[in-house]
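Asker: Kindly generate the corresponding structure for this input.
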Amino acid sequence: MYAEIRLSHLCTEPFGCPYIGNSECCVTGVCSEQPYFRDRKSDRFDLCKSAFGKKADFFRAGKVSGCAAMCVGVQGIACMDKTYRLRIGGTMLQIKNLTITHKKDLRSIVQNFSLVLNDGDKAVMIGEEGNGKSTVLKWIYDPELIEDYAEGQGERIQNRERLGYLAQELPAEHKEKTLYEFFSEEPAFWEQTPKDLSKMAGEFGLSSEFFYGEQRLSTLSGGEKIKAQLLRLLMTEPTVLLLDEPSNDIDIETLEWLERFILSWPHIVLYISHDETLIERTANMVIHMEQLKRKTESRYTVAKVPYEQYITERKAGMERQERLAQNDKREKEIRDEKLRRLEQKVGSRLDNISKAERDSIGQMMKKKMKAVKSMEKRFEREDENMTEMPETEEAIFFKLGDKESKVPAGKTVIEYSLNRLMTPDNERVLANNIKLLVRGSEKLCFIGKNGAGKTTLLRKLAEELLARNDIHAEYMPQNYEELLDLSVTPVEFLDTTGEKEERTRIRTYLGSLKYTADEMDHPMSELSGGQKAKVLLLKMSLSKANVLILDEPTRNFSPLSGGVIRKILAEFPGAILSISHDRKYMEEVCDTIYRLTEEGLRKVEKEE
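Answerer: The predicted structure is shown next:
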């Protein structure tokens with residue numbers, strides 16, 4: 001909310017202003033002679049509360065030339081080289097009756113979706129893969145972003161809030177830019193002082209030289225790409241943050257920083273994440289999007305409670321509803337059986353009545369039958385109010401491996417040593433003296449800072465394992481496009497024989513992973529990251545592999561699917577070599593964790 005205000009004191013009015021001589025202004029409130037000074041750290045200062053009956057603040061609106069002779073503002077105050085607008089109350093973002101329909105199959109992604117977000121809301125959007133979470137987030141930021149594949153109708157009320165949007169993937173047009181080109185294209189970059197840039201870089205664990213780097217974004221690690229995009233976004237000083245999977249590809253240290261950042265953000269954060277630990281620690285509001293009845297019906301739930309409370313209450317509510325539905329069903333069966341027997345008894349008596357009894361008993365039996373029919377209609381009306389079984393999305397189900405996938409306990413899966421781990425371009429040493437021994441069905445995980453070389457190491461291990469004949473290894477890279485042909489459908493990708501029976505079997509498996517018939521025939525370029533990951537996991541399952549090499553296996557699975565995926569991987573009878581920053585994955589799946597440092601691999605306790 002904004003207000004027009006006229007301030008009558010010269011911007012150079014001293015009143016002991018500590019900023020005089022530092023090219024800063026002091027401002028006096030309209031209802032007090034006491035000046036209120038700008039906090040140079042937050043770029044804000046308070047106006048007296050009694051002017052508007054509630055707290056107001058100024059915030060930076062943009063750059064202007066020169067200093068006004070008088071601090072007089074309508075919607076703003078010219079103050080040296082910056083303009084400040086008066087704002088009363090907090091941020092608010094409102095969505096009314098949003099309906100989004102997929103253009104290709106006319107599937108409803110969301111219907112009559114309404115939402116109000118206020119200052120302090122940390123709202124997480126959850127739901128299974130392909131349910132349209134990213135599409136809704138894009139529409140909120142800019143409806144034009146979805147026009148190629150979906151049609152949206154609804155009202156977006158953002159007043160004068162500045163929306164900041166972090167896309168799920170780095171846009172293609174930025175991939176070949178250098179870091180300096182990427183940052184310098186943002187006008188707000190040129191408003192930052194060296195001190196500002198140094199502080200921002202430090203908060204991300206980076207050097208201030210990062211902004212001027214000549215490294216192309218396509219060559220950065222996944223976490224470095226996320227950091228670069230977030231840094232550029234924050235320079236624009238948004239009041240509402242829309243973050244599509246910001247926790248993907250960032251190391252544990254940065255995940256913990258992201259948790260602190262979300263919690264300390266004073267305004268609105270609406271985000272999608274698959275990291276259950278981050279969600280549990282940051283979300284105070286849950287938006288649950290579901291696709292029911294084989295994705296023919298959409299449903300959403302908004303709960304202003306923390307994530308764990310929502311999951312607990314939702315489970316308890318569904319269990320309660322299921323018990324009531326089962327009880328109603330049992331009572332209906334007992335009641336219907338009594339009615340059937342009564343109807344049968346009256347009908348039989350009518351059929352066998354003698355001529356002598358037709359006038360007296362016959363009339364009475366007819367009245368009884370009429371009463372039975374009336375009772376039957378009343379029961380039918382009552383049945384309309386019976387408690388229904390709760391409708392939920394079907395759980396995914398598939399199995400990785402069988403008894404033949406088990407690796408004997410004494411068998412060496414890999415014994416690997418490397419004096420120097422180099423970057424792919426051989427320009428820099430990432431780590432020295434790497435030694436690794438894996439035996440039997442061990443499940444291990446590599447952790448470490450972004451850019452430490454985890455993916456580079458895993459690729460080298462994959463090259464050696466995939467070339468072996470005594471084991472059957474399968475590899476899931478971090479970038480699925482390395483193995484997937486995005487122009488073909490999931491069925492075409494998985495089909496190795498071309499036989500009708502094979503395709504039928506593949507469709508059955510995809511159905512167990514909650515693919516609809518339409519999605520099975522969509523090119524994989526139209527699928528979500530989680531749906532692509534399911535295709536690769538299914539390929540591994542069909543291949544009968546006994547060694548899995550997985551780079552961030554849970555990164556694209558929703559928190560609702562995450563537990564199932566972790567259970568499937570934990571029960572896999574073979575060996576797993578993986579990279580992950582998913583703290584629940586490390587706890588529930590992995591036997592051994594290694595931290596990759598410049599000195600090599602260091603075995604760590606799971607709690608680290």
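Asker: okay, CA-based contacts and neighbour counts for the rest of this
Answerer: Noted.
Asker: If you average the pLDDT over stretch 225-235, what comes out?
Answerer: Confidence over stretch 225-235 (mean pLDDT, whole number) is 90.
Asker: Now find how far off-centre it is within its chain.
Answerer: Its chain's C-alpha centre and that of stretch 225-235 lie 18 Å apart, by CA atoms, centre = their mean, to the nearest Å.
Asker: a strand runs through Y165, doesn't it?
Answerer: Yes - read with DSSP: H, G, I helix; E, B strand; the rest coil, Y165 is one of the residues of a strand.
Asker: Report the beta-bridge partners for the nearest residue to it once chain neighbours are set aside.
Answerer: Nearest-residue entry for Y165: L242, 4.7 Å, with adjacent residues in sequence omitted and distances by CA to CA, 6 or more residues apart in numbering. On the basis of DSSP bridges, L242 takes part in beta bridges with Y165, L270.
Asker: which element is M125 on?
Answerer: M125 is part of strand 122-126 when elements are defined by DSSP states H and E.
Asker: Ok, K377 next?
Answerer: Per DSSP H and E, K377 falls inside helix 363-383.
Asker: In PDB, could you pull the C-alpha coordinates for whatever helix or strand comes next after that helix?
Answerer: Scanning the chain past helix 363-383 towards its C-terminal end, the next helix or strand to appear is strand 412-422 (assignment: DSSP H and E). Listed in PDB are the C-alpha atoms of strand 412-422, where the atom choice follows Å, rounded to 0.1, in the frame of the first residue of the first chain:
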ATOM      1  CA  THR A 412      35.300 -55.900  -5.300                       C
ATOM      2  CA  VAL A 413      33.000 -53.500  -7.200                       C
ATOM      3  CA  ILE A 414      35.800 -51.000  -7.800                       C
ATOM      4  CA  GLU A 415      39.300 -50.300  -6.500                       C
ATOM      5  CA  TYR A 416      40.200 -46.900  -7.800                       C
ATOM      6  CA  SER A 417      43.200 -44.500  -7.400                       C
ATOM      7  CA  LEU A 418      44.000 -41.200  -9.000                       C
ATOM      8  CA  ASN A 419      47.000 -39.000  -8.300                       C
ATOM      9  CA  ARG A 420      45.300 -35.800  -9.600                       C
ATOM     10  CA  LEU A 421      41.600 -35.100 -10.400                       C
ATOM     11  CA  MET A 422      41.600 -32.400 -13.100                       C
END
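Asker: Parallel or antiparallel, list what pairs with the helix or strand just after strand 412-422.
Answerer: Per DSSP H and E, the first helix or strand lying C-terminal to strand 412-422 is strand 429-439. Strand pairing for strand 429-439, determined by DSSP bridges: strand 412-422 (antiparallel).
Asker: thinking again about what came up before, what sits up against the strand holding M125?
Answerer: Outside strand 122-126, the residues that touch it by CA atoms under 8 Å, 6 or more residues apart in numbering are 133, 262-263, 268-273, 279, 282-289, 558-560.
Asker: one step back: for the residue nearest to Y165, which residues are in contact?
Answerer: Going by CA under 8 Å, 6+ apart, L242 touches 137, 141, 163-166, 269-271.
Asker: rerun that using 7 Å as the cut-off
Answerer: L242 makes contacts with 137, 164-166, 269-271, as judged by CA atoms under 7 Å, 6 or more residues apart in numbering.
Asker: For the spatially closest residue to G530 that is not a sequence neighbour, identify the helix or strand it belongs to.
Answerer: Once flanking residues are discounted, G530 sits nearest to N556: 4.5 Å by CA to CA, 6+ apart. In this structure, N556 sits in neither a helix nor a strand according to DSSP H and E.
Asker: what sits against N556?
Answerer: Counting by CA under 7 Å, 6+ apart, N556 makes contact with 274, 529-530.
Asker: Mind doing that once more with 8 Å?
Answerer: Shown in contact with N556 (CA under 8 Å, 6+ apart): 129, 248, 274, 529-530, 533.
Asker: so what's the backbone phi/psi at it?
Answerer: phi -110, psi 10 (degrees, to the nearest 10).
Asker: how near is it to A517?
Answerer: For N556, the distance to A517 under the criterion CA to CA, to the nearest Å works out to 22 Å.
Asker: With L179 instead?
Answerer: For L179, the distance to A517 equals 43 Å [CA to CA].
Asker: quick one, which of these two is more surrounded?
Answerer: When neighbours are counted by other CA atoms under 10 Å, L179 comes out ahead of the other of L179 and A517, with 22 against 12.
Asker: so where's the stretch 151-300 of the chain shaky on pLDDT?
Answerer: In the predicted model, the stretch 151-300 of the chain carries pLDDT under 70 at residues 293-295.
Asker: what ranges do the helices span in it?
Answerer: Listed from the start of the chain, the stretch 151-300 of the chain has helices (DSSP state H, counting those that start in this stretch) covering 179-184, 194-203, 222-235, 252-264, 276-282.
Asker: out of those helices, nearest to C445?
Answerer: With CA to CA as the criterion, C445 lies closest to helix 252-264 of the helices of the stretch 151-300 of the chain, at 13.1 Å.
Asker: buried stuff in that closest one?
Answerer: Applying a neighbour-count criterion of 16 or more other CA atoms under 10 Å, the buried positions in helix 252-264 are 252, 254-255, 258-259, 262-263.
Asker: Let's have those residues in CSV, adding distance to L461.
Answerer: As requested, these are arranged in CSV below (distance: CA to CA, whole Å):
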residue, distance to L461
I252, 23
T254, 26
L255, 26
L258, 31
E259, 32
I262, 36
L263, 39
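Asker: from the residues you listed, which single one is nearest A452?
Answerer: Using CA to CA, the buried residues of helix 252-264 come closest to A452 at I252, 12.6 Å.
Asker: what's the burial count for the closest residue to the closest one other than its chain neighbours?
Answerer: Using CA to CA, 6+ apart and skipping the chain neighbours, the partner closest in space to I252 is H581 (5.7 Å). Here the number of neighbours of H581 (other CA under 10 Å) works out to 26.
Asker: returning to what we had before: state the distance from the residue nearest to G530 to G410.
Answerer: For N556, the distance to G410 (CA to CA) stands at 34 Å.
Asker: Mind checking the pLDDT average for stretch 460-467?
Answerer: Mean pLDDT, stretch 460-467: 94.
Asker: Distance from the chain centre to that stretch, please.
Answerer: Between the mean C-alpha location of stretch 460-467 and the chain-wide mean there is a distance of 32 Å, by CA atoms, centre = their mean.
Asker: May I see the buried residues of it?
Answerer: When burial is assessed from 16+ other CA under 10 Å, stretch 460-467 yields the following buried residues: 461-462, 465-466.
Asker: Which of the residues you listed fall within helices?
Answerer: Assignment to helices by DSSP state H places the following of these there: 461-462, 465-466.
Asker: Just put those in TSV and tack on distance to Y149.
Answerer: TSV is the format used below for those (distance: CA to CA, whole Å):
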residue	distance to Y149
L461	39
A462	37
L465	40
L466	38
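Asker: Could you rank the contacts of L242 by neighbour count and give me the top one?
Answerer: Of all those, the most densely surrounded is Y271 (26 neighbours; neighbours counted as other CA under 10 Å).
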